[in-house]
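Colleague: just need the structure, nothing else, for what follows:
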Amino acid sequence: MPTVRFVPGSRSVEVDSGTSLLDAAREAGRPVAQSCGGFAICSWCRMQVLEGAENLSAIEPIEARLIARESFAASERASCQAEVLGDVTVTTTYW
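Modeller: The predicted model follows:
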């Protein structure tokens, strides 16, 4: 099972492969801002991937549009869309 590590702090959670970063954060008790219900509209759930970007699902067109529209940094993903396939470490600006 992949492990998602949340920094700062020492929280991590093991999740089933294919779990979204958003759901992993909720399982770990980390708050995630969101208003669109996980449909890649609001961009509030963006997370910076510190390690393991290659262990996330490929960026699909719906997320690519959001990334372009909201000018995400190269290391950022929409947590409602990015699925965990292996170990990853993430952070946000509000933790």
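
Colleague: check whether C45 really touches P31, as I assumed.
Modeller: No - using Cβ atoms under 8 Å, C45 makes no contact with P31, being 10.5 Å away. Where you see a C-beta, it was placed from the backbone N, CA and C, and this is true even at glycine.

Colleague: the more surrounded of the two?
Modeller: Each of C45 and P31 has its neighbours counted (other Cβ atoms under 10 Å); C45 has more, 24 against 10.

Colleague: what number of residues lie near R69?
Modeller: Residues near R69, counting by other Cβ under 10 Å, number 11.

Colleague: what's the following helix or strand after the host helix or strand of it?
Modeller: Taking DSSP states H and E as the criterion, R69 maps to helix 61-70. Downstream of helix 61-70, the first helix or strand assigned by DSSP H and E is strand 76-78.

Colleague: next SSE downstream of that next one?
Modeller: From strand 76-78 onward toward the C-terminus, using DSSP H and E, the following helix or strand is strand 88-91.

Colleague: tell me which residues of stretch 70-79 come out buried.
Modeller: Within stretch 70-79, the residues that count as buried by 16 or more other Cβ atoms under 10 Å are 72, 76-79.

Colleague: send me that stretch as CSV with only the CA atoms.
Modeller: Output of stretch 70-79 as CSV, limited to C-alpha atoms (Å, rounded to 0.1, in the frame of the first residue of the first chain):
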residue,chain,number,x,y,z
GLU,A,70,-5.1,28.9,-12.3
SER,A,71,-1.4,28.9,-13.2
PHE,A,72,-0.3,26.1,-10.9
ALA,A,73,3.4,25.7,-10.3
ALA,A,74,5.0,22.7,-12.0
SER,A,75,5.1,20.9,-8.7
GLU,A,76,1.4,21.4,-7.9
ARG,A,77,-1.5,19.1,-8.5
ALA,A,78,-5.2,19.3,-7.8
SER,A,79,-5.6,16.9,-4.9
